[in-house]
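Participant: A predicted structure for the sequence below; I have some questions about it.
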There are 2 protein chains.
Amino acid sequence: MPIEEKTLKSERIYEGKIINLRVDTVELPQKKYSKREIVEHSGAVGILPITKENKIIFVRQFRKPVEEILLEIPAGKIEANESTEKCALRELKEETGYSAKDIKKILDFYTTPGFTNEVMHIYLAENLEEGTASPDEDEYIELVSLSLEEALEYIKEGKIKDSKTIIAILTYKNLSLIL
Amino acid sequence: MPIEEKTLKSERIYEGKIINLRVDTVELPQKKYSKREIVEHSGAVGILPITKENKIIFVRQFRKPVEEILLEIPAGKIEANESTEKCALRELKEETGYSAKDIKKILDFYTTPGFTNEVMHIYLAENLEEGTASPDEDEYIELVSLSLEEALEYIKEGKIKDSKTIIAILTYKNLSLIL
């Protein structure tokens, strides 16, 4: 049986720009105790942008944690007092230059709930209009566009290996099942 | 253009049981600098177990980081010197009691590469034999079995919201496209 874990003590280890880290001491049945390492994150949004030509727009960028250039859907962290929908439109514009006339939520998920509370909200963006990108000053991004079939092939070949991007593509492929 | 980021300094903040945290100072073009907060993780395995009756076995467990009981596929952290395949068979047995005669890799992905190097390896486990579970002493788990159609409905309704579980189910639904 799953049991809820009561926090007995909470130690704050680090407060950062993107994440915080704390270690909770929790109570389990029969007077047992354990430690839980928890990475706090304010949540993020990923956007699957579909052009009028039915291409998906991806961003290529270097990801320091994995020391690799990855192909991902545009995404970013939710800012203070920002709705997820506003965040989706803002990140799409900043990273790709595109504005979307139609945007709708596909689904939400936890990226890796064993150690972080990060939630990812996935939006589908359609009816796009091109414009000028304005990435953050520490972001260096290249745009790539692929058909759905090419994107599925990239997943199969291991050329796309980011969870939000895989989920967005597979959900789009099975949209009638999920929406 | 994506650019690789050279590490100028690396500060170790925390060394834990499941994760470590470090903050790297990186060099960007035009003598600009930035900090990258990086959660180190040794990698994990998730297993999609399919019974002879074509049911998928899930585990329900409380996840402290999100303060919720989640429905997930069996999964766990890779131990030192353990192959991903051995880890998959071990975690399946420990969490559900099932042994698998056939196990095959479906795909690998990064759970959230913006701040962690965690890799998740997803295996399909078939030809199962029931046995006795032996969860870790701080794990309290309940088993749930669903058909693929029920699992897809759970994703749609937001009752399944863990990335590895969504990816495993959607990949299984589209197996001919991905394998």
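Facilitator: Yes, it's here. What you see is a predicted model, and the numbers here were worked out from it, not measured in a lab.
Participant: If you average pLDDT per helix and strand, which one of chain A comes out bottom?
Facilitator: helix A:175-178 (a mean of 86; mean pLDDT, DSSP states H and E).
Participant: Can you point out the buried residues in that one?
Facilitator: The neighbour-count criterion (16 or more other C-beta atoms under 10 Å in any protein chain shown) identifies A:Ile178 as the buried residues of helix A:175-178. C-beta coordinates here come from the backbone N, C-alpha and C atoms, glycine included.
Participant: try stretch A:22-36
Facilitator: Along stretch A:22-36, the positions that meet the burial threshold by neighbour count (16+ other C-beta under 10 Å) are A:22-24, A:26, A:28, A:34-36.
Participant: do the same with stretch A:155-163
Facilitator: Of the residues in stretch A:155-163, those scored as buried under the neighbour-count criterion (16+ other C-beta under 10 Å) are A:155, A:160-163.
Participant: Could the C-alpha coordinates of the least confident helix or strand of chain A be exported in CSV?
Facilitator: C-alpha atoms of helix A:175-178 as CSV (Å, rounded to 0.1, in the frame of the first residue of the first chain):
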residue,chain,number,x,y,z
LEU,A,175,-3.9,13.2,-30.9
SER,A,176,-7.4,11.6,-31.2
LEU,A,177,-6.5,9.3,-28.3
ILE,A,178,-5.2,11.9,-26.0
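Participant: Report all helices and strands that that helix contacts.
Facilitator: Based on contacts counted as 3 or more C-beta pairs under 8 Å, 6 or more residues apart in numbering or on different chains; DSSP states H and E, the elements that helix A:175-178 packs against are strand A:99-110, helix B:148-156.
Participant: from the middle of its chain, how far away would the longest one be?
Facilitator: If you compare the mean C-alpha spot of strand A:99-110 with that of the full chain, they lie 11 Å apart, counting by C-alpha atoms, centre = their mean, to the nearest Å.
Participant: hmm, who's touching that strand?
Facilitator: Around strand A:99-110, the neighbours that count as contacts under C-beta atoms under 8 Å, 6 or more residues apart in numbering or on different chains are A:47-49, A:84-85, A:88-89, A:92-93, A:116-129, A:131, A:167-168, A:171-172, A:175, A:178-179, B:63, B:66, B:70, B:155, B:158, B:161-163, B:166.
Participant: Quick one: neighbours of A:Pro49, just the number.
Facilitator: The burial count assigned to A:Pro49 is 25, neighbours taken as other C-beta atoms under 10 Å in any protein chain shown.
Participant: Just to check, it is in contact with A:Glu129?
Facilitator: No - in this structure, A:Pro49 sits apart from A:Glu129 without contact. The criterion is C-beta atoms under 8 Å, and the distance is 11.0 Å.
Participant: Identify the contacts common to the two.
Facilitator: A:98, A:100.
Participant: and the gap between A:Ile69 and A:Arg60?
Facilitator: In this view, A:Ile69 and A:Arg60 are 6 Å apart by C-beta to C-beta, to the nearest Å.
Participant: Common neighbours of those two, please.
Facilitator: Both A:Ile69 and A:Arg60 are contacted by B:Pro2, under the criterion C-beta under 8 Å, 6+ apart.
Participant: ok and the longest helix along chain A relative to strand A:99-110, angle-wise?
Facilitator: Among the segments of chain A that qualify as a helix by DSSP state H, the longest is helix A:84-96. Relative orientation of helix A:84-96 with respect to strand A:99-110: 110 degrees, computed using axes from the mean of the first three to the mean of the last three C-alpha atoms, to 10 degrees.
Participant: Tell me, how many residues neighbour the residue lying closest to A:Glu139 once chain neighbours are set aside?
Facilitator: With C-beta to C-beta, 6 or more residues apart in numbering or on different chains as the criterion, A:Glu139 has its nearest non-adjacent residue at 6.7 Å, and that residue is A:Gln61. Number of residues near A:Gln61 (other C-beta under 10 Å) recorded here: 22.
Participant: same deal with the one 4 residues further on?
Facilitator: For A:Pro65, the count of nearby residues is 21 (other C-beta under 10 Å).
Participant: Mind jotting down where the strands sit in chain A?
Facilitator: In chain A, the strands defined using DSSP state E lie at A:6-15, A:20-28, A:32-40, A:44-49, A:56-63, A:68-72, A:75-77, A:99-110, A:119-129, A:142-146.
Participant: domains of chain A?
Facilitator: The record's domain split for chain A, according to automatic domain parsing, is A:6-41, A:44-178.
Participant: who touches A:Met1 in this structure?
Facilitator: Contact partners of A:Met1, counting by C-beta under 8 Å, 6+ apart, are B:140, B:142.
Participant: Need the pLDDT of it.
Facilitator: A:Met1 is assigned a predicted lDDT (pLDDT) of 77.
Participant: Likewise for the one 3 residues further on?
Facilitator: The score at A:Glu4 is 91. That number is its pLDDT.
Participant: That one reaches B:Lys64, doesn't it?
Facilitator: No - taking C-beta under 8 Å as the contact criterion, A:Glu4 and B:Lys64 are not neighbours in contact, 9.0 Å apart.
Participant: Neighbour count: the two, which is higher?
Facilitator: Using other C-beta under 10 Å as the criterion, A:Glu4 and B:Lys64 rank with B:Lys64 on top: 20 against 12.
Participant: so who does the closest residue to that one other than its chain neighbours touch?
Facilitator: Using C-beta to C-beta, 6+ apart and skipping residues adjacent in sequence, the residue nearest B:Lys64 is A:Arg36, 4.2 Å away. A:Arg36 is in contact with A:5, A:23-26, B:64-65, counting by C-beta under 8 Å, 6+ apart.
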